[in-house]
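Novice: Sequence and predicted structure, then a few things I'm wondering about:
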Amino acid sequence: MNVQTILLVRERWNTTSNPVKIGTNVLLQQANASLLQWPLGRIVEIFPGQDGVVRVVSMKTKTGIFKHPVVKVCPLPTQ
């Protein structure tokens, strides 16, 4: 093992982050649509796992209310 690989600091998962909250505006990622055609919605309910990390959200769009994994939604920046 190289000494440099042992000394690397992994910062990606050292801090917990839940950017989605109830009322957050999000875009729903869809593989078969372009970015400009992703549906816009608002988080109406969150479903945390046993460890407290939000894994599934319920979002309201113009066509209805849907449940999606949190990794498939993109929170929009707010002021």
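Specialist: Good, I have the coordinates. Numbers count the residues shown, from 1 in each chain.

Novice: Can you tell me how far residue 78 is from residue 33?
Specialist: 24 Å (CB to CB, to the nearest Å). The way it works is simple: take the backbone N, C-alpha and C, and place the C-beta from them, glycine included.

Novice: So for the two, which sits in the more crowded spot?
Specialist: Neighbour totals were compared for residue 78 and residue 33, and residue 33 leads with 11 against 7 (other CB atoms under 10 Å).

Novice: what's the average pLDDT for stretch 61-68?
Specialist: Stretch 61-68 carries an average pLDDT of 93.

Novice: Just the CA trace of it, in PDB.
Specialist: Extracted C-alpha coordinates of stretch 61-68, given in PDB (Å, rounded to 0.1, in the frame of the first residue of the first chain):
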ATOM      1  CA  THR A  61     -46.700  17.600  -8.500                       C
ATOM      2  CA  LYS A  62     -49.300  19.100 -10.800                       C
ATOM      3  CA  THR A  63     -50.400  15.500 -11.700                       C
ATOM      4  CA  GLY A  64     -50.700  14.100  -8.200                       C
ATOM      5  CA  ILE A  65     -48.800  12.900  -5.100                       C
ATOM      6  CA  PHE A  66     -45.900  10.400  -5.600                       C
ATOM      7  CA  LYS A  67     -43.400   8.600  -3.400                       C
ATOM      8  CA  HIS A  68     -39.800   8.600  -4.700                       C
END
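
Novice: how about the helices in the chain?
Specialist: 3-6 (DSSP state H).

Novice: could you pull out the strands for it?
Specialist: In the chain, strands defined by DSSP state E lie at 25-28, 40-48, 54-61, 64-69, 73-75, listed in chain order.

Novice: Taking strand 64-69 as reference, get the angle to the second one.
Specialist: Between the direction of strand 40-48 and that of strand 64-69, the angle (axes from the mean of the first three to the mean of the last three CA atoms, to 10 degrees) works out to 50 degrees.
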